[in-house]
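A.B. asks: Got a predicted structure here, sequence first:
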Amino acid sequence: FFVLQGHGKIQNNQPSLWQPFEQALECLCHDKVVRDCVTESQLGHLCQTLCNDQTDNVAYFKFSETKALAWLKKKQERVQQCLVQQEQARQRRLDELLINRPQGSTSKAGGSVSSTFYVPEDPMA
């Protein structure tokens, strides 16, 4: 969603500058629908912030590659943790199915397999 170009440069190869929220967001995100959903605190995960309460009480933002990479790393770690938990839950469900299946069953999914089930020879073989 965001246009994140390396080395602290955004649009037109201009170095990132201190900008008010709306202007900074417009430079980082071209999609208006996404821009409408982003808050100042969320943008703070990608940018350094500066607020001069004595003059204009406006928050200014400047893209920070370090903050953006730290934020992305946290997101990646959360996704990895979620995937590990899902895999562990899947393995527990599979183990329960294997434990609770009827004796003599060879099907991993449970149920029964008939010993009298007839499959004709393949005429093409």
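C.D. replies: Perfect, I can see it now.

A.B. asks: Going by neighbour count, list what's buried in stretch 45-63.
C.D. replies: Leu46, Cys47, Thr49, Ala59, Tyr60, Phe61, Lys62, Phe63 (16 or more other Cβ atoms under 10 Å). To be clear about C-beta, it is placed using only N, CA and C from the backbone, and glycine gets the same treatment.

A.B. asks: In three-state terms, label the closest residue to the second one other than its chain neighbours for me.
C.D. replies: If I follow you right, that is Cys47. Leaving aside its chain neighbours, Cys47 sits nearest to Phe61 (4.0 Å; criterion: Cβ to Cβ, 6 or more residues apart in numbering). Using DSSP: H, G, I helix; E, B strand; the rest coil, the structure places Phe61 in strand.

A.B. asks: Show the average pLDDT along the helix or strand where Gln81 lies.
C.D. replies: Assigned by DSSP states H and E, Gln81 belongs to helix 65-100. Helix 65-100 comes out with an average pLDDT of 91.

A.B. asks: Please report how far Gln48 lies from Leu69.
C.D. replies: 13 Å (Cβ to Cβ, to the nearest Å).

A.B. asks: Does Thr49 touch Ser64 like I think?
C.D. replies: No - counting by Cβ atoms under 8 Å, Thr49 stays clear of Ser64, with 9.3 Å between them.

A.B. asks: circling back to that earlier point, with the buried residues of stretch 45-63 in mind, which one is nearest to Asp95?
C.D. replies: Of all those, Asp95 sits closest to Leu46, with 42.1 Å by Cβ to Cβ.

A.B. asks: Could you pull up phi and psi at the closest one?
C.D. replies: phi -110, psi -20 (degrees, to the nearest 10).
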